[in-house]
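Undergrad: no sequence on this one, just coordinates:
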């Protein structure tokens, strides 16, 4: 069973994604930013709740959200600091949840 502290990165990145999507919409009226930010953020928050409650698939959900955010950020990395920050943050979260999942699967 995952430790509840494993939920903290997912809560953090989820809130940042939702905030970023809202900010992108307010500043540029970007509906794709709004939808993507809320969608990926919601997946992170759902995963965090699953992890916190010891329910299944929380770590997998957070790892999937990290992969989704990373892959969608890569094509835009040269366009400024925000896509770079998204790529780095999602890579860090992906590494964390990948290691956590690997550890759980090998010690279960």
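TA: Here it is on my side, so go on. Please read these numbers as outputs of a predicted model, since none were measured by experiment.
Undergrad: where in this protein is pLDDT low?
TA: 1-4, 108 (pLDDT under 70).
Undergrad: what ranges do the helices span in this structure?
TA: 7-28, 31-53, 58-73, 81-107 (DSSP state H).
Undergrad: so can I have a markdown table of those showing mean neighbour count?
TA: Bear in mind the C-beta positions are built from the backbone N, C-alpha and C, glycine included. As requested, the helices of the chain are arranged in a markdown table below (neighbours: other C-beta atoms under 10 Å):
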| stretch | mean neighbour count |
| --- | --- |
| helix 7-28 | 18 |
| helix 31-53 | 19 |
| helix 58-73 | 21 |
| helix 81-107 | 15 |
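Undergrad: who's in contact with residue 16?
TA: Neighbour list for residue 16: 41, 89 [criterion: C-beta atoms under 8 Å, 6 or more residues apart in numbering].
Undergrad: An error on my part: the question was meant for residue 46.
TA: By C-beta under 8 Å, 6+ apart, the contact set of residue 46 is residue 61.
Undergrad: same question, residue 67
TA: Going by C-beta under 8 Å, 6+ apart, residue 67 touches 90, 94.
Undergrad: For residue 31, see how far away it is.
TA: 23 Å (C-beta to C-beta, to the nearest Å).
Undergrad: same deal with residue 8?
TA: 30 Å.
Undergrad: Could you do residue 45 as well?
TA: In this view, residue 45 and residue 31 are 21 Å apart by C-beta to C-beta.
Undergrad: so what's the closest residue to residue 89 other than its chain neighbours up against?
TA: Counting by C-beta to C-beta, 6 or more residues apart in numbering, residue 13 is the residue found nearest to residue 89 once chain neighbours are left out, at 6.2 Å. With contact taken as C-beta under 8 Å, 6+ apart, residue 13 is in contact with 41, 44, 65, 66, 69, 89, 90, 93.
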